[in-house]
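Asker: Next come a sequence and a model predicted from it.
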Amino acid sequence: MSTGSTHLLDPDRVRELFDLRGGAFAYTGGGFEGDPYPCWARLRESGPVHEGTVHELTDGFEGDAFWHGLTEPATNHFSAFSYGALDTVYRNDKVFASSPGATGPDLEQHGALNSMLTMGGDRHRRYRTLVQPSFVPAKAKWWVDNWVQDTVDALVDNILEQGGRAELNVDFCAAIPVLTITSSFGIPVEQSLEIRAELFANANAVTEALAPIIKARREQPQDDLISVLCGAEVKDADGTTHRMTDDEINSFSMLLLTAGSGTTWKQMGITLAALVNHPGALAAVRDDRALLRNAIEESVRWQPTDPMFSRWVTEDTELEGVHLPKGSVVHLCIGAANRDPARWDDPDTFDITRALKPSFGFGGGPHVCLGMHVARAEMVTGINALLDRLPDLRLDPDREPPRFIGLYERGANEIHVAFDA
């Protein structure tokens, strides 16, 4: 990618596609302006598990919302708010399955990796093992060298042309993962935003765009993700192997586009917003870049971009003393669990000097986020570049400081900064 290529991204189109308050984000409560954490703390303190959905139980949220586990019919819905409750659920994927039919024959018939989030048991392990080598920590440098660094450098070049002021959440953070993912597929930069737009409106258009790339990579592999997938072999339950089909490659690509270009953008924005809102922490990271990892992990704990995921109860059971009947859905409020005082002192404070402990910001159990190491690499590369190349980066004193909005997808509204031009 040339350093001028990101000029091809229409900034108005980027803002339209990545505004939490509009479009598809509206269905996940993206326009919610309140702070749900005080309510979630009260719920956690009054009992780790409550009947009802997270949005129904959250003060100030009106109407309905859709997210993982909320579009499926169920006899009962429950929500868990403590670290201990979530730890129990994540450790037992047999009782707490990732979908109503996670281990059933219905998913086996489809062979679609867009169900990887909802697969269970051996089938999930087979497919995850297949694609995981491209996402292990040691592979992060491959992503940075091939796609992330050039994207970041080009975006910072554009920011430097703006004369000392910039908005970073959409104009910088949102562009990095979508360009990284689409570039790793071999999709030209000028098509990247339309691919993102079609992801939710017309998935067939994404499949059509990928078809000639998959065909070309089968004939002549390159050093990119589609080539890796084309060469991968799936081991079936009966021990036979087959190359990934076009449908399987398309399904995994759709999953990666959805998750990779969404969560990383919001979490990078949350990290930057937290740092510029805490000038002491920003100065500490600027002076000691080893603290950047702490800052990222703390932001993931303190304000996870996706603060809830769900599991389906496969048999009558109890969770923290609450009876959960077979067929019910339990919603895991990661945001509340990540601020459980039973695990962290002063958990509501953003503190980059906090001793690192695993949180549920990237999920847990067999379905822990596949792309978390790539996401961390993108955030480290992006934030380091801003600190290196924008002298005295700080809040823009003439604009509103960033706030966090949204319910099931949370992020910064805008991050207006100033720097010495």
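Answerer: Perfect, thanks for sending it. A quick note: this is a predicted structure, and the numbers were derived from the prediction, not measured.
Asker: so what's the spatially most central residue of the chain closest to, chain neighbours aside?
Answerer: Relative to the mean C-alpha position of the chain, the nearest C-alpha, by Cα atoms, centre = their mean, is the one of residue 263, at 2.4 Å. What sits nearest to residue 263 in space, not counting adjacent residues and going by Cβ to Cβ, 6 or more residues apart in numbering, is residue 305, at 5.3 Å. Where you see a C-beta, it was placed from the backbone N, CA and C, and this is true even at glycine.
Asker: quick one: contacts for that neighbour?
Answerer: Under the criterion of Cβ atoms under 8 Å, 6 or more residues apart in numbering, the neighbours of residue 305 are 263, 266-267, 270, 409-411.
Asker: just residue 344 next, same as before
Answerer: Neighbours of residue 344 in contact, by Cβ under 8 Å, 6+ apart: 301, 354, 357.
Asker: Three-state assignment for it, please.
Answerer: Each residue gets one of three states, and residue 344 gets coil by DSSP: H, G, I helix; E, B strand; the rest coil.
Asker: on that earlier part again, would you turn the contacts of residue 344 into a markdown table with secondary structure, pLDDT and distance to residue 252?
Answerer: Converted to a markdown table, the contacts of residue 344 look like this (DSSP: H, G, I helix; E, B strand; the rest coil; pLDDT from 0 to 100; distance: Cβ to Cβ, whole Å):
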| residue | secondary structure | pLDDT | distance to residue 252 |
| --- | --- | --- | --- |
| 301 | helix | 98 | 28 |
| 354 | coil | 95 | 35 |
| 357 | coil | 94 | 31 |
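Asker: Neighbour-wise, which one of those leads?
Answerer: Neighbour counts for the contacts of residue 344 (other Cβ atoms under 10 Å) peak at residue 301, which has 25 neighbours.
Asker: From what I see, that residue and residue 338 are in contact.
Answerer: Yes - assessed by Cβ atoms under 8 Å, residue 301 is found in contact with residue 338 at 4.8 Å.
Asker: Overlap of the contact sets of those two?
Answerer: Contact criterion Cβ under 8 Å, 6+ apart; residues shared by residue 301 and residue 338: 359, 361.
Asker: hang on, the earlier thing: among the contacts of residue 305, which ones are in helices?
Answerer: Counting by DSSP state H, the members of those that fall within helices are 263, 266-267, 270.
Asker: Among those, which one sits closest to residue 331?
Answerer: If you rank the ones in helices among the contacts of residue 305 by distance to residue 331 using Cβ to Cβ, residue 263 comes first, at 17.9 Å.
Asker: from memory that closest one sits against residue 375, does it?
Answerer: Yes - taking contacts as Cβ under 8 Å, residue 263 lies within contact range of residue 375: 6.8 Å.
Asker: and for these two, which residues touch both?
Answerer: Shared contacts of residue 263 and residue 375 (Cβ under 8 Å, 6+ apart): residue 369.
Asker: Redo the contacts of residue 305 as CSV? Include pLDDT and distance to residue 316.
Answerer: As requested, the contacts of residue 305 are exported to CSV (pLDDT from 0 to 100; distance: Cβ to Cβ, whole Å):
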residue, pLDDT, distance to residue 316
263, 87, 34
266, 95, 37
267, 96, 37
270, 98, 38
409, 95, 32
410, 96, 33
411, 96, 38
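Asker: who wins for neighbours among the residues you listed?
Answerer: Of all those, the most densely surrounded is residue 411 (30 neighbours; neighbours counted as other Cβ under 10 Å).
Asker: wait, doesn't that one sit right on residue 270?
Answerer: Yes - at 6.1 Å, residue 411 counts as touching residue 270 under the criterion of Cβ under 8 Å.
Asker: Between the two, which contacts overlap?
Answerer: By the contact definition Cβ under 8 Å, 6+ apart, residue 411 and residue 270 are jointly contacted by 305, 404.
Asker: For residue 38, which non-adjacent residue is spatially closest?
Answerer: Distance criterion Cβ to Cβ, 6+ apart; nearest residue to residue 38, sequence neighbours excluded, is residue 59 at 7.9 Å.
Asker: Tell me how many other residues surround that neighbour.
Answerer: By the other Cβ under 10 Å criterion, the neighbourhood of residue 59 contains 12 residues.
Asker: any idea how far it is from residue 305?
Answerer: Using Cβ to Cβ, to the nearest Å, one obtains 21 Å as the distance from residue 59 to residue 305.
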